[in-house]
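1. Fold the following, please.
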Amino acid sequence: MARKPKTVQPDRDEPIDRPEDIRQALERVTATIQATNDQLARLMQLLETRRDGGEAAGLAGRAAEINTYEEDPFGEVTVTANPPQAPTVAVRNAVSSNPKLRIAIREPRPAVARYNPGTAEFRYWMAADTLARGVNFWDELLPPGTTWSAANPMPVTLVEAQPWLNAQYVRGSGLHFYRDTVGNGRSVFTVESPDVVRHELGHAVLDALKPQIFHAASLEASAFHESFGDISAILCALQHEPVRRGIIEDTGGHLNVTSRLSRVAEQLGWALRQISPTAVDRDSLRNASNRFFYKRPDLLPPSAPSSVLSSESHSFSRVFTGAFLDALAGMFATAGAAHEQTLLTVSRNIGQLIVDAVHTSDVPFDYFSEIAAAMIQADRARFGGLNGPALTRAFTKRGILSLTSAADLAAAPVPAMAAMRAAGGIAPGLAPLPLAYGNEAVDTAFGLGRGETPDLPKTSVSIGGLTIAVHASKAGPRLGARPAQFGAMAVAPQRAGTEIELFVEGLVQRGELNARASGPAIANTALIIASSPEIATSTPMRQTHFLATEDGELVLKRNHFTCFGCIRSAVGGLFSCG
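-> Next up is the predicted model:
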C-alpha cells in the first residue's frame with residue numbers, strides 16, 4: 001500500500017503565500033547567499049595572504065615569527081629622563097581575512113623574519129601584526145558587512161617625511177604615522193607604539209561603524225572619537241594572554257588603578273614632555289586611571305595643561321575613558337575568579353556593548369550620557385542586565401549619567417536583535433546581529449564605503465559675522481539621559497547653538513581651522529579668524545577642520561583626527577603642541 005504523502009502544516013494561521021511572506025522569504029535567501037559570498041571572499045583573501053608569504057604559507061610560513069612590542073616601546077612605572085627600551089617578543093604574524101576591512105601598508109613588504117627595533121623591517125611587521133590583530137578583534141563585534149569609510153583596503157603610511165610627534169586618521173588617505181628626534185637625540189617613531197597604532201585604528205573603526213560622527217560639530221562627539229581610540233588601545237592590548245596575566249598580577253585584579261593598561265602611549269607621552277612638560281599626563285600620553293568628573297564642555301576653556309580639564313577633544317575624552325576603565329574593572333570584579341580567561345571574556349563583552357551603543361545612538365549634545373545609557377540598555381539585551389550595576393556605578397561616579405537618568409533607564413526602551421535585511425548588508429553567521437529599538441530600521445551606514453557615507457543634517461550658525469553651515473544632530477537623546485548637573489551647570493541656556501559656536505571658536509583658538517582653504521568666499525568678511533595669530537602660525541597638519549563650499553554656502557568639514565602632538569615649525573625649528 002502506497003504511503004500517503006506527509007502534509008506539512010504552516011506554523012501559523014496566516015496563508016503562506018502572502019506577498020509579505022514571499023518578500024521575507026526572499027530576503028532570508030538573499031541574506032544567506034550574501035553570507036556565503038562573504039565567507040568565500042574571506043577564504044579567498046586568506047588564501048591570497050598565504051600565497052604572498054603570510055604566516056600560514058605552508059609549514060615554513062606557519063613557523064615564521066616576527067619581533068614586536070606587546071605594549072609600548074618602553075614603560076614608565078618610574079618616570080625617568082631616559083627610560084630603558086622594552087624587550088621585544090617573538091610572535092607569529094597575524095593575518096586578517098575580512099575583505100571589507102583590508103589594510104594596505106604603502107612601504108615595501110620585507111620577508112617575514114625577526115628584525116631588530118629601529119629598522120624599517122621591524123616597523124613594517126610590528127604595524128602589520130598590530131593592525132591585523134586589532135581588525136580581528138573589532139571584526140568579531142561589528143555588525144556584519146561593516147566596511148571602512150576610508151578606501152578599502154585602507155592605506156597605511158608608516159613613516160611620513162615631515163617630522164612630527166603624532167599620528168593621524170584621514171578619511172581620504174587612511175592612517176599616517178610620523179617620527180621626530182627629541183631629548184638627548186632619541187628618535188621616536190610613533191608607529192613603533194602598539195598603543196598609537198591601536199588608537200588610530202580605533203578612529204577608523206568608529207568611522208566605519210558610525211560615519212555620521214566624522215563631520216559632527218559637537219564637543220562631546222569629537223571627544224568621544226578620541227576616547228574610542230584610547231579604548232581601542234586598551235581592549236586590543238587585552239587580547240594578548242601575557243598582557244592579561246601581567247595586568248592582573250600588577251593590579252591585584254583592580255583594573256582601574258594606574259598600570260601599564262591605563263597608561264596609553266607611554267613613549268609618545270615621554271617624547272612630548274621633553275618639549276612641553278605640561279602638555280600631556282606625567283607618565284603617558286593619557287592615563288585612563290584618572291579622577292576627572294564630568295563638566296559641561298561649553299563651560300570649559302578651549303585648552304589647558306594636562307592636569308586641568310578643557311573642551312579640547314583629547315583633554316575632555318579622559319572623562320569617558322576613565323569611566324570606561326572603571327566599568328571594565330567593575331565587570332571583571334563581578335565576573336568570577338580573577339583569571340586571564342575571565343578578563344578576555346569581559347574585554348570582549350564590554351567591547352560589544354560600546355559597539356552596540358554607538359550603532360543604536362544618535363549624536364545629541366549630551367553624547368557621553370547617550371552612549372553610557374545605551375551601553376546599559378545593550379547589556380540588558382545582550383546579557384540580561386548582568387553588567388548593569390557595574391556600568392551604572394562607573395558612569396554615575398563620573399557624572400556622565402545623573403542619578404535620575406540612571407534610575408529612569410529601568411523603564412526605558414530596550415533594544416532587540418535586528419531582523420536580517422539583505423539590502424543593508426546584514427548577513428548571518430559572521431558576527432552578532434546588531435541591535436535596534438522597536439520597529440526602527442537598522443542604521444546600515446556601517447556598510448557604506450568611501451564616498452557613500454551619510455552626514456548629520458546641516459544647520460547654520462553665525463560666527464564673528466560669518467554664517468557657516470555645520471553638521472549637527474537635530475535629534476534629542478533617545479533614552480532621555482542627562483549628565484549630573486551642579487552649580488552653573490544646572491543653568492540651561494540655548495545649548496545647541498552655544499555649543500556649536502564654542503566648537504568652532506575652539507578650533508580657531510587652537511589653530512585647528514584652515515580658513516584659508518575656503519578661498520574667495522571668506523575673503524571679504526570681517527571674521528576674526530582671518531587674522532587670528534593661531535591660524536597665522538598653524539600648519540595644515542594641525543588643522544583638523546576646514547571650510548568647504550557646497551551649493552554656494554560655507555560648510556565646516558573635518559579633515560582628520562590626530563593622536564595629539566607637537567610639530568616642528570619651519571621657522572627656527574620651534575615646536576608647537578596641540
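2. wait, doesn't Leu328 sit right on Ile350?
-> Yes - look at Leu328 against Ile350 with CB atoms under 8 Å: they come within range, at 5.5 Å. Quick note: C-beta positions are derived from backbone N, CA and C, even for glycine.
3. Tell me which of those two has more neighbours.
-> Between Leu328 and Ile350, counting by other CB atoms under 10 Å, Leu328 is the more crowded of the two (28 against 25).
4. Could you pull up phi and psi at that one?
-> For Leu328, the backbone dihedrals are phi -60, psi -40 (criterion: degrees, to the nearest 10).
5. do Leu238 as well
-> Backbone phi and psi, for Leu238 under degrees, to the nearest 10, turn out to be phi -70, psi 0.
6. Distance of it relative to Gly336?
-> Distance, Leu238 to Gly336, using CB to CB, to the nearest Å: 16 Å.
7. Secondary structure element for the closest residue to Ala64 other than its chain neighbours, which one?
-> Sequence neighbours aside, Val112 is the residue nearest to Ala64 in space, at 4.1 Å (criterion: CB to CB, 6 or more residues apart in numbering). Val112 is part of no helix or strand, with elements assigned from DSSP states H and E.
8. what about Val112, neighbour count?
-> Neighbourhood size, Val112 [other CB under 10 Å]: 21.
9. Check Val264 too.
-> Residue neighbour count, defined by other CB under 10 Å, stands at 30 for Val264.
10. Hmm, it is touching Ser289, no?
-> No - contact status for Val264 versus Ser289: not in contact, 10.3 Å apart, counting by CB under 8 Å.
11. before we move on, back to that, of Leu238 and Gly336, which one has the most company?
-> Leu238 (22 against 11).
12. What does the pLDDT read for the more buried one?
-> What the model reports as pLDDT for Leu238 is 98.
13. How about the contacts made by it?
-> When contacts are counted by CB atoms under 8 Å, 6 or more residues apart in numbering, Leu238 is found next to 244, 247, 261, 343-344, 347.
14. Pull up the gap between it and Gln212, please.
-> From Leu238 over to Gln212 the distance is 28 Å, taken as CB to CB.
15. Tell me the first helix or strand C-terminal of the worst-scoring helix or strand of the chain on mean pLDDT.
-> Within the chain, no helix or strand scores below helix 58-63, which has a mean of 41 by mean pLDDT, DSSP states H and E. Where DSSP H and E defines the elements, the next helix or strand beyond helix 58-63 is strand 66-68.
16. which helices and strands sit right next to that next one?
-> If you count contacts as 3 or more CB pairs under 8 Å, 6 or more residues apart in numbering; DSSP states H and E, strand 66-68 packs onto strand 89-91, helix 120-139.
17. between the ones you listed, which gets nearest to Ile103?
-> In this view, the helices and strands packed on strand 66-68 are compared for proximity to Ile103 by CB to CB, and helix 120-139 is the closest at 5.1 Å.
18. Are there helices or strands packed against the closest one, and which ones?
-> If you count contacts as 3+ CB pairs under 8 Å, 6+ apart, helix 120-139 packs onto strand 66-68, strand 103-105, helix 194-209, helix 219-237, helix 340-360.
19. Tabulate those (CSV), appending distance to Gly269.
-> Compiled in CSV, those are given as follows (distance: least, CB to CB, whole Å):
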stretch, distance to Gly269
strand 66-68, 20
strand 103-105, 25
helix 194-209, 10
helix 219-237, 12
helix 340-360, 23
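20. circling back to that earlier point, mind checking how far the residue nearest to Ala64 is from Ala323?
-> 40 Å.
21. Also Arg263?
-> Here the criterion is CB to CB. By it, Arg263 lies 17 Å from Ala323.
22. When the two are compared, which one has more neighbours?
-> Ala323 (30 against 23).
23. Name the SS class of Gln543, please.
-> Classification of Gln543 into helix, strand or coil gives coil, according to DSSP: H, G, I helix; E, B strand; the rest coil.
24. For it, give me the pLDDT.
-> So Gln543 comes in at 89 (pLDDT).
25. What sits closest to it if chain neighbours are left out?
-> The spatial neighbour of Gln543 that comes closest, neighbours along the chain excluded (CB to CB, 6+ apart), is Asn514 at 4.0 Å.
26. Backbone dihedrals for that neighbour, both of them.
-> phi -90, psi 90.
27. tell me the contacts of it?
-> Taking CB under 8 Å, 6+ apart as the definition, contacts of Asn514 comprise 538, 540, 543, 545-547, 559.
28. What subset of those is buried?
-> Among the contacts of Asn514, the ones that count as buried by 16 or more other CB atoms under 10 Å are 538, 543, 545-547, 559.
29. Confirm for me that Cys236 is in contact with Phe137.
-> Yes - distance between Cys236 and Phe137: 5.5 Å, which falls inside the contact criterion (CB under 8 Å).
30. the more surrounded of the two?
-> Under the neighbour definition other CB under 10 Å, Cys236 and Phe137 were set side by side, and Cys236 has more, 27 against 22.
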